[in-house]
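Novice: the following block contains a protein sequence and its predicted model.
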Amino acid sequence: MSLNVESPVVSTASAPQPLRLIDDTGHAVTDDAGGFTLPDPGTLLGLYRQMVIARRFDVQVTALTRQGRLATYPSALGQEACEIAAVASLDPGDWLFPTYRDSIALLTRGVKPEHILASFRGEWHSGYDQYEHRIAPQATPLATQALHAVGLATASKLKRDSTVALTLLGDGATSEGDAHEAFNFAAVWQAPVVFVVQNNQFAISVPLDKQMHCRTIADKAIGYGMPGYYVDGNDVAAMYAVTSAAVDRARAGGGPTLVEGLTYRMEAHTNSDDPSRYRSADDVDVWRRRDPIERLDIYLVSIGALSDQERAGIRDEAEDLATATRECMTLPVQVDPLELFDHVYAAPRTALSEQRAFLAAELAEHAALAEHAALAAQPAPITPSVSTPSGAHA
């Protein structure tokens with residue numbers, strides 16, 4: 001008996017137009033935008049700078065991965081508006097819970113390139129100090145970090161401090177049970193958390209209409225009893241306005257919010273993926289014309305907030321970062337296998353200490369053998385011959 005029960009999907013309602021403040025052509029939207037207004041020019045110029053720098057970093061890291069200097073790297077090219085807006089909406093004391101694709105969010109929040117890339121290079125699971133930056137480790141399992149964000153936010157509420165947690169998710173992650181549990185728990189307990197879903201329309205190779213039947217991901221918020229916003233994810237002005245309002249609402253005790261940013265993944269899922277097998281080049285070209293950086297560039301120029309000199313200065317800054325990123329990835333990796341045991345328990349355990357001692361002894365034995373082999377491989381010293389004069393006695 002066949003287990004294939006797939007049937008044609010018949011949509012009964014079309015998706016609404018996403019909320020936007022700047023359209024695809026770089027012009028301010030004059031229609032009703034749900035009460036949200038354009039951020040001031042200074043804020044927009046700062047967001048523009050961060051997006052340009054983040055993209056140059058992303059392009060550079062993708063190139064390093066193709067050269068074999070990194071094991072893998074999930075690019076966020078084209079998704080800069082979602083990630084930069086999310087980070088910019090947070091206060092320094094707030095917490096960010098990212099996914100494996102959100103490296104430019106870490107960069108924007110102040111994490112150094114070599115610390116971001118440590119995990120992709122195979123040095124550390126998380127190469128940065130989470131407490132220093134208020135950033136949880138980048139989560140590879142889908143949606144697990146959403147539960148962590150809700151847990152921290154709930155603790156914040158119980159302690160009556162002002163900390164807000166913001167977690168980044170992909171569209172595929174919202175199909176996971178962990179996401180549903182996080183949404184429900186956050187709404188029931190009115191936790192100060194913001195869920196920002198980057199709907200880049202593919203869960204690796206699975207398109208959105210094969211994942212869910214609702215009009216938008218934002219519609220799911222209704223079932224949990226929290227606000228949901230469907231936003232143009234390539235409009236950084238709209239993403240910043242909506243996400244900032246959600247963070248302010250959470251901080252004031254208003255509970256969680258789900259923000260869906262409609263965007264597109266321009267690069268492959270990772271360097272091991274072949275996107276040509278499940279999407280067309282024509283679709284990519286359509287989204288390339290909706291570029292979030294170019295859109296904001298046009299708008300800033302039109303209002304006199306971005307000059308050629310300022311643009312060149314930002315690009316120079318981005319190139320300096322790219323150069324620094326290349327240089328740090330050429331340095332040899334310093335790995336100490338004994339570090340495996342240093343961060344497991346707060347207090348040493350007997351069994352773990354015994355295992356550490358066993359490995360230390362084994363490493364010392366290998367080092368001694370290697371040293372002995374190196375000495376044995378060296379050529380024997382040449383003894384100079386001494387000539388004896390003719391007729392002399394030995």
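Specialist: Sure, I can see it. Since the structure is predicted, the reported quantities are computational estimates derived from the model, not experimental observations. Residues are numbered from 1 along each chain as shown.
Novice: run a quick neighbour tally on the nearest residue to A324 once chain neighbours are set aside.
Specialist: Spatial nearest neighbour of A324, excluding adjacent residues (Cβ to Cβ, 6 or more residues apart in numbering): P113 at 6.6 Å. C-betas here are computed from N, CA, C, even on glycine. Each residue near P113 was counted by other Cβ atoms under 10 Å, and the total is 21.
Novice: break the chain down into its domains, please.
Specialist: 41-330, 337-372 (automatic domain parsing).
Novice: any idea which helix or strand carries L142?
Specialist: L142 is part of no helix or strand, with elements assigned from DSSP states H and E.
Novice: show me the contacts for it.
Specialist: Contacts here follow Cβ atoms under 8 Å, 6 or more residues apart in numbering; on that basis L142 touches 99, 170, 172-173, 176, 178-179.
Novice: switch the cut-off to 7 Å
Specialist: 172-173, 176 (Cβ atoms under 7 Å, 6 or more residues apart in numbering).
Novice: what of E260?
Specialist: The contact partners of E260, taken as Cβ under 7 Å, 6+ apart, are 197, 199, 216-218, 229-231.
Novice: in this structure, which spans are strands?
Specialist: For the chain, strands defined by DSSP state E occupy the ranges 95-97, 165-170, 193-199, 202-203, 206-207, 228-232, 257-262.
Novice: on contacts alone, who are the packing partners of the longest one?
Specialist: For strand 193-199, the contact count by 3 or more Cβ pairs under 7 Å, 6 or more residues apart in numbering; DSSP states H and E identifies helix 80-88, helix 144-159, strand 165-170, helix 236-251, strand 257-262 as packing neighbours.
Novice: and the ones you listed as TSV, adding mean pLDDT?
Specialist: TSV is the format used below for the helices and strands packed on strand 193-199 (pLDDT from 0 to 100):
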stretch	mean pLDDT
helix 80-88	98
helix 144-159	98
strand 165-170	98
helix 236-251	98
strand 257-262	98
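Novice: how about I303, nearest residue that isn't a chain neighbour?
Specialist: Setting aside the residues directly before and after it, I303 is nearest to P41 in space (Cβ to Cβ, 6+ apart), at 6.1 Å.
Novice: run through this structure and note the low-pLDDT ranges.
Specialist: Residue ranges of the chain with pLDDT under 70: 1-13, 383-394.
Novice: let's go with 50 and repeat that
Specialist: Across the chain, the ranges flagged by pLDDT under 50 are 1-12, 394.
Novice: any idea which residue sits dead centre in it?
Specialist: Centroid-nearest residue in the chain, with Cα atoms, centre = their mean: D102, separated by 0.9 Å.
Novice: surely that one touches L168?
Specialist: Yes - with contacts counted by Cβ atoms under 7 Å, D102 reaches L168, the gap being 5.0 Å.
Novice: overlap of the contact sets of the two?
Specialist: Between them, D102 and L168 share these contacting residues under Cβ under 7 Å, 6+ apart: E83.
Novice: coming back round to it: OK, contacts around the residue nearest to A324?
Specialist: 57, 107, 324-325, 328.
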